[in-house]
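Q: when you get a sec, could you give me coordinates for this:
(2 chains)
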Amino acid sequence: MSKKKIIKPLSVGDKTIPPEGAKKIPVYIMGKEYLIPETLTILKAIEYAGYKYTRGCGCRGGICGACAVYYRIKGSYKLKSGLACQTVIEPDMILAQLPFFPVNRPDYKMDVFKEDAHAAFRKIYPEVFKCVGCGTCTRVCPMDIDVMDYIALMKRGELKKAAEKSFDCVMCGLCASRCPAQISQFMAAMLVRRINGRYLTPRAEHLKKRKKEVKSGKYEKFLKALRKLSQDELKKLYIEREREPDLSEPGWMPEDTTRL
Amino acid sequence: MSGYIHELKELIKKVEATRPSRLESARKNEHFPALSMEDRMKWLSSYHPDFKDEGRRKVKVGPNKGDVLPEEVVDVFESRSRLDLKEVNLDNVDFETDVLVIGGGGAGTAAALMAESEGKSVIISTKLRHGDANTIMAEGGIQGATQEGDSPHYHYLDVMGGGHFTNSPDLVAALVNDAPLIIDWLEELGMMFNKYADGRLMVRHGGGTCRKRMHSSGDMTGAEIMRVIRDEAKNRKGINVMEFSPAVELILDREGRCAGAVLYNLETREYYVVKAKAVVLATGGFGRLHIQGFATTNHYGATADGLVIAYRAGVKTCFLEATQYHPTGVVYPEQNVGLLITEKVRGLGAQLVNSEGNQFCFPLEPRDVESACIIRECLDIGKGIMTPTGRIGVWLDSPMIDLLHGEGTVKKELPAKYIQFKRYGIDISKEPMLVYPTLHYQNGGLEINEFAETSVPGLFSAGEVSGGIHGKNRLMGNSLLDVLVFGRRAGCRASEYVSGKKSAGSALTLDHVKRFHKELERAGLKDAPTAPILLPDYTPDEVKSRRWEK
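A: Residues are numbered from 1 along each chain as shown, chains lettered A, B, ... in the order given. This next block holds a predicted model:
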């Protein structure tokens, strides 16, 4: 029997407490030097230095786009970018976050895209058609989206493809911040995805039917009946309910169709 | 520097040493025995955070006085206003609107869209950016009985069973009956659902469902919902969004009706008085209170602000004693802390093993039981693994997946997780992951009825801040649904209320806050700290100790 050794966690929540003797590396937050334990993300390094975020921090998990960051490594001319919550610090990193970036985002009514979506899109975002093809947007994208390519697809009128290509966008704004043609790529992509969802993809017929059924009040009577059951009767129904097989085909039907 | 540090690599050797024999047993379908029902209860009551007396206490004041709740919740309930009430001048109204929506996530935005459609003027007050909320972080999907072989009847049964039949039946009926309408609404707004070529919605099973009704949009369903409804809100002239302006107190009128809120500009540190005919509270959950010190999958802003200010205004809460912990949250590397590892990983054969490379539990116990087993192994048995940043966890032996199902299975079945670790030099098809239970969801919240009304006239509540819909346990895919169903209901009901003749009109007051302060004093809590806390504090102690000002 090995001796029982109890370890208590040091770090709670998101606060990082590095063990004694952890190696610290110099990081320049907006040019000012701080010594930070290696392995932290930029976001946690900035908090470790003593900053408290209001802007520049959101989901802390790489999906909200709040924490776009630019950095250079001392001695290198190369400008790099990423999300602060997803990028690990490196020695001699000089960094600044992009807490906000102004974009062009005209208002629109979705109906205008019903007939000639490409022409209507062109009216809303004419600047998209002035892309110079430099590829900087693609290089800065932290989600590895080929931004320049979806802009090219938009220009050619291939809106469905552009929507699909831009799908992983977290709207952090890095592409727009570097565009020499002053395009707000991620806002144009937002619109194209909505056009795609609304007009370029077939609507679900079964959903239309179900909507009518719900509106007719059909299910309210089933639900009312369920609410009148005793706890035991309800549990019985729960245990006996038929489970749709994992490998069922779309449109599968259960044996009992009286409650559909 | 990438991948596991030397010390952890050494420990992984112990996992590798036992892997062949564990694989052999797994191939023979021999598993680590599941706990008996008796042991389950014993493990739960000893180790699950919900069952521990430690870390909970009785609330001394307010509508839930006498209830035993997590300390972190009690701390913010037993708190004073941030405002110096003598300084506040409610005669000086800065903004006036029909409907004030507090919270700019899924529920708040849905409420705003409905109220605006009814011709009401709307202000959305949000603590961070519009859309900064747990809604964007929901990956899995949204439930709704849209298929021919399914109906709200079966969805109802699933929700009730998942919540151990503790849910409020009226709320569940509203949830499941509206669900197909919500999916239709999202499709109409231009959301990109996963579909077949003919437009049929793709659906999957979730834990505890009897029909496939999980709709998704890649593995970023919540993000897609949020960006679509936020985009729509931008097009609406009647919606004015005030970012970085959380509400710190509700305002009532002389008749006790909700009549607005005091907002705080996080950047200029000014307070504003907003007068409204109706208020919708949609502030989300409490993950960032880090109940019992747990890491969380929640958004930076999830600090229970709405619970606090509504509690002072007299709204009772329910089910706040039930917190959803997901058994396998990442604890290493630091940048992935709190990241959720789906149950699917264990479903594919990955086992949980301790620092000696030995199994200590059946890998597919119910979520709460599995969490208890991991906590027991680390904190009581002492066979957890400490990370360089002071976190503790156990191994989730993911390399077993490829060994059991063939090379490439991990990459194919778990593409996002594979990339998220690969980025930091860890190949999860070759090396195990370090995991520990993580705080995932606030099951409980403010008491509401099926119209999203609270006990305070003119105050509506929707989303994670409300309770009762999921009872003591929520099923996957019902939170995205919940925020939209009750967000829309709140927006509609608030509009009706504003159009009626009963909405607030008399003088504005913060008397309820004064009364609450008196109650605190009577309970011996005169020097209670202030809340809502608005943002969590991750400043290291060393920095704090150097803040020498008074």
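Q: rest of the way, CA atoms for contacts and neighbours
A: Will do.
Q: quick one: neighbours of the closest residue to B:H205 other than its chain neighbours, just the number.
A: Distance criterion CA to CA, 6 or more residues apart in numbering or on different chains; nearest residue to B:H205, sequence neighbours excluded, is B:K212 at 4.4 Å. B:K212 has 26 neighbours, counted by other CA atoms under 10 Å in any protein chain shown.
Q: over to the one 3 residues further on?
A: B:H215 sits with 24 neighbouring residues when counted by other CA under 10 Å.
Q: what's it sitting at in phi/psi?
A: For B:H215, the backbone dihedrals (degrees, to the nearest 10) come out as phi -90, psi 150.
Q: one more: the one 10 residues further on?
A: Dihedral angles of B:I225 (phi, psi; degrees, to the nearest 10) stand at phi -60, psi -50.
Q: I'd say it and B:L186 touch.
A: Yes - assessed by CA atoms under 8 Å, B:I225 is found in contact with B:L186 at 7.4 Å.
Q: before we move on, back to that, wouldn't the residue nearest to B:H205 be in contact with A:E242 here?
A: No - assessed by CA under 8 Å, B:K212 is found out of contact with A:E242, at 11.7 Å.
Q: circling back to that earlier point, quick one: the residue nearest to B:H205 from A:R210, how far?
A: B:K212 sits at a distance of 15 Å from A:R210 (criterion: CA to CA, to the nearest Å).
Q: list the contacts for the nearest residue to B:D198 once chain neighbours are set aside?
A: With CA to CA, 6+ apart as the measure, A:P202 is the residue that lies nearest to B:D198, at 6.1 Å, once sequence neighbours are left out. Shown in contact with A:P202 (CA atoms under 8 Å, 6 or more residues apart in numbering or on different chains): B:197-199.
Q: B:P532 now?
A: B:76, B:81-82, B:248, B:303-305, B:308-309.
Q: follow-up on the earlier one: who wins for most neighbours among the contacts of A:P202?
A: B:G199 (16 neighbours).
Q: distance-wise, check that residue relative to B:S371.
A: Distance from B:G199 to B:S371, by CA to CA: 40 Å.
Q: could you do B:P327 as well?
A: To B:S371, B:P327 is 4 Å away according to CA to CA.
Q: spit out the residues that contact those two alike.
A: Joint contacts of B:P327 and B:S371 (CA under 8 Å, 6+ apart) are B:436-437.
Q: okay, those two: which has more neighbours?
A: B:P327 (27 against 23).
Q: what's the average pLDDT for the host helix or strand of the more buried one?
A: Take DSSP states H and E as the rule and B:P327 turns out to sit in strand B:323-332. Averaging the model's pLDDT scores along strand B:323-332 yields 90.
Q: could you do stretch B:14-31 as well?
A: What stretch B:14-31 shows for mean pLDDT is 92.
Q: look at A:C57 and give its secondary structure.
A: coil (DSSP: H, G, I helix; E, B strand; the rest coil).
Q: my read: it touches A:C67, true?
A: Yes - look at A:C57 against A:C67 with CA under 8 Å: they come within range, at 5.3 Å.
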